[in-house]
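Student: My questions concern the predicted model and sequence given below.
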Amino acid sequence: MVSVIATIPKKVSGGDDLVVIRREDFEAFQKWQVEVDDALAKIERGRTEYRRGKAVRASSPRKFR
């Protein structure tokens, strides 16, 4: 993806670095960010359940008798 990126000078932005991007690129980034946050939350829930002993390791399943 080739995009033209324009940087706004600090004098105009009040001292912060600002970057202008296409809305399409920003929306794709937002969607990706939501997916990553969801995946990380699932991983953390899995780790928490494993620490509590509520998860079963696939390589050594428990016997449920």
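Tutor: Noted; the coordinates are in hand.
Student: for stretch 58-65, what is the average pLDDT?
Tutor: Averaged across stretch 58-65, the pLDDT comes to 62.
Student: quick one: buried residues of the lengthiest helix in the chain?
Tutor: Longest helix in the chain by number of residues (criterion: DSSP state H): helix 23-51. Across helix 23-51, burial judged by 16 or more other Cβ atoms under 10 Å covers no residue at all. (Each C-beta comes from the backbone N, C-alpha and C, glycine too.)
Student: any idea of the mean pLDDT in it?
Tutor: With pLDDT averaged residue by residue, helix 23-51 scores 94.
Student: can I assume Ile21 is in contact with Ile5?
Tutor: Yes. At 6.7 Å, Ile21 and Ile5 qualify as touching, with contact defined as Cβ atoms under 8 Å.
Student: Tell me which of these two has more neighbours.
Tutor: Taking neighbours as other Cβ atoms under 10 Å, Ile21 and Ile5 compare with Ile21 leading, 12 against 9.
Student: I am finished for the moment; much appreciated.
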